[in-house]
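Q: Sequence plus the predicted model coming up.
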Amino acid sequence: MTLQHRRDFLRKLGLSAALLPLLAGARLGAEPSAGRPRRVIFLFTPNGTVPPAFWPDEAGADFRLKPILRPLAPFKDRLLTLKGISNSVRGDGDAHMRGMSCLLTGIELFPGNIMGGGGAPAGWASGPSLDQELARHLQSQPATRTRLGSLEIGVAVPNRADPWTRWSYLGPNQPVAPISSPYALFDRLYGSNKDAESLVSVLDGLRGDLATASRAADPADRETLDRHATALRALERDLRDQSKAAALKVPQPPKAGLALENDAIPEMARMQTELLISAFANDMARVATFQFTNSVGNARMRWIGVEEGHHELSHDPDLNAGSVEKLTKINTWFAEQVAHLAKRLQETPEPSGQGNLLDHTTIVWTNELGKGNSHTHEDIPFVLVGSGLGFRTGRALRFKQAPHNRVLLSLARAFGRNAPTFGNPRLCADGPIDLA
């Protein structure tokens, strides 16, 4: 086992680098594969988009960014826009429910008693979501196994559970709740480090006991007890200096006192972004979902001058120019959050030293609807940013009502999961979309 492999092993388990000397010669799983690490972030924003202000008019490499996508201009050479992708999953539930809970699962909702709009009830999704399948795939191999497997992150996701608020599923009838509190997310990532303080106090007591025992012991035993005391002092020094001795690079905790409410959404988004970047830099997970509000989310984006709720505005007719302008501002703000995430990935070195995190990560920005007032599942936004999955970027692509299952298959294949279908097999008949 190489020194770097031992360090990676400790980082994944959240253990101290002080254990490195004890692992010399140990065999703790296979060496990392020669291939580059691959990561994906599925990022959700709700209620459709404004198509004329979103989709490029041109196809291919020579395309111009429309107003909503202009914040992504610094990453145009790492961008893929996929127009003509449709959620063709039918069955129970209203358009928002199926749009949300079928987005990453690609399969129907179970019948159920959760009442949707227009009297269309449904239950949970009847299969796993792609993020969870990819996490399972990576966790099954020693070279790609990480401490957490996947992260489910939210920003202002309501404290309720229904098909409008869940898009990640462990399996049939198994929705996964996102963590919307930066404080709760920090605790999940780094809470175990708090145990170090308690352990230091325990070690203080042990050291005192050893000193007492050493004074009463005969000379032969005293030497052994002194060696134990020396080892305890080294461990205590390690625990007191996490910044130097820990395999994990623990960030500062989120700023205390933030009220997790509507007007704090911009600050919550920044906090959650930083924690996601930190988790990837520590190789704690290689798959994440990042969910802004929820399907039918009604955030009031007063920080950009929009007083009305997002979902309410999305129902207004196209002839209402004021509403179209506000929806364009809302979706542009979402694009700014995607661009900020891409920028922070680009600024953060890859743990191995080979490039930066954006070189090894792909952001998949999507939505449950193509357009809010029609509730269409055609032309669902799919925008990919980053070089993590080896796709040929810097292009605007067009398709003709291609089932979004084919996009899910393409993403799965990029991770080496080569099953012929994902979700509803009927919607995978034409195979993965070629993005390479």
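A: Now that the structure is in, tell me what you want to look at.

Q: can you give me the strands in the protein?
A: 39-44, 79-86, 149-155, 285-292, 361-366, 382-385, 395-403 (DSSP state E).

Q: The longest one - what's its average pLDDT?
A: To tie it back to what came earlier, the one meant is strand 395-403. For strand 395-403, mean pLDDT is 97.

Q: that older thread, arrange the strands of the chain in CSV, one row each, with distance to Arg300 and mean neighbour count as further columns.
A: All C-beta spots, glycine's among them, are computed from the backbone N, C-alpha and C. What follows is the strands of the chain, written out as CSV (distance: least, Cβ to Cβ, whole Å; neighbours: other Cβ atoms under 10 Å):
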stretch, distance to Arg300, mean neighbour count
strand 39-44, 19, 25
strand 79-86, 29, 22
strand 149-155, 14, 24
strand 285-292, 14, 25
strand 361-366, 22, 25
strand 382-385, 25, 24
strand 395-403, 32, 17
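
Q: Of those, which is nearest Ser126?
A: Nearest of the strands of the chain to Ser126, taken as Cβ to Cβ: strand 395-403 at 16.5 Å.

Q: what's the angle from that closest one to strand 79-86?
A: Counting by axes from the mean of the first three to the mean of the last three Cα atoms, to 10 degrees, strand 395-403 lies at 20 degrees to strand 79-86.

Q: Please name the bridge partners of the residue nearest the centre of the chain.
A: Closest to where the C-alpha atoms of the chain average out (Cα atoms, centre = their mean) is Ala288, at 2.0 Å. Counting by DSSP bridges, Ala288 is bridged to Ile41, Leu151.

Q: Switch the strands of the chain over to CSV; also include distance to Thr165.
A: Output for the strands of the chain, formatted as CSV (distance: least, Cβ to Cβ, whole Å):
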stretch, distance to Thr165
strand 39-44, 11
strand 79-86, 23
strand 149-155, 9
strand 285-292, 8
strand 361-366, 16
strand 382-385, 21
strand 395-403, 24
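
Q: can I see the domain layout of the protein?
A: 1-32, 38-181+260-428, 186-251 (automatic domain parsing).

Q: circling back to that earlier point, didn't the residue nearest to the centre of the chain look like it was pressed against Leu148?
A: No: using Cβ atoms under 8 Å as the test, Ala288 is too far from Leu148 to be in contact (9.6 Å).

Q: shared neighbours of those two, which are they?
A: By the contact definition Cβ atoms under 8 Å, 6 or more residues apart in numbering, Ala288 and Leu148 are jointly contacted by Ala279.

Q: how about the helices of the stretch 51-200 of the chain, start to end?
A: Here the stretch 51-200 of the chain has its helices, by DSSP state H, counting those that start in this stretch, at 95-101, 130-139, 182-190, 195-216.

Q: what about the chain, any weak spots by pLDDT?
A: Applying pLDDT under 70 to the chain flags the ranges 1-35, 192-210, 213-214, 217, 220-222, 225, 228, 232, 234-247.

Q: in it, which helix has the most residues?
A: Counting by DSSP state H, the longest helix found in the chain is helix 321-347.

Q: From the chain's centre, how far out is that helix? Work that out for me.
A: 18 Å (Cα atoms, centre = their mean, to the nearest Å).

Q: With stretch 266-283 instead?
A: Counting by Cα atoms, centre = their mean, stretch 266-283 comes out at 9 Å from the chain centroid.

Q: Pull out the buried positions in it.
A: Neighbour-count burial for stretch 266-283 flags 267-283 (criterion: 16 or more other Cβ atoms under 10 Å).

Q: what's the spacing between Leu258 and Ser180?
A: Per Cβ to Cβ, to the nearest Å, Leu258 is found 12 Å from Ser180.

Q: what touches both of these two?
A: Met268.

Q: Tell me which of the two has more neighbours.
A: Between Leu258 and Ser180, counted using other Cβ atoms under 10 Å, Ser180 has the larger neighbour count: 20 against 14.

Q: I'd guessed that one sits against Val155; true?
A: Yes: counting by Cβ under 8 Å, Val155 is a contact partner of Ser180 at 6.4 Å.

Q: tell me, what's touching the two both at once?
A: Met268.

Q: Look up the closest residue to Leu185, ignoring the ones flanking it.
A: Counting by Cβ to Cβ, 6 or more residues apart in numbering, Ile179 is the residue found nearest to Leu185 once chain neighbours are left out, at 4.6 Å.

Q: nope, Thr393 is what I meant
A: Thr393 sits nearest to Arg78 (Cβ to Cβ, 6+ apart), 4.8 Å away.

Q: thought that neighbour was touching Ser387?
A: Yes: counting by Cβ under 8 Å, Arg78 touches Ser387, with 5.8 Å between them.

Q: shared neighbours of these two, which are they?
A: Between them, Arg78 and Ser387 share the contacting residues 358, 393, judged by Cβ under 8 Å, 6+ apart.

Q: re earlier: sort out which of the buried residues of stretch 266-283 are in helices and list them.
A: Per DSSP H, the buried residues of stretch 266-283 map to helices at 267-281.

Q: From the chain's centre, how far out is stretch 335-349? Work that out for me.
A: Its chain's average C-alpha position is 13 Å from that of stretch 335-349, according to Cα atoms, centre = their mean.

Q: Number of residues surrounding the residue nearest to Thr393?
A: 21.

Q: what do you get for Ala256?
A: So Ala256, with other Cβ under 10 Å, has 6 neighbours.

Q: residues in contact with it?
A: No contacts exist for Ala256 under Cβ under 8 Å, 6+ apart.

Q: what's the answer for Gly416, then?
A: His137.

Q: can you rerun that using 7 Å?
A: Listed by Cβ atoms under 7 Å, 6 or more residues apart in numbering, the contact set of Gly416 is empty.
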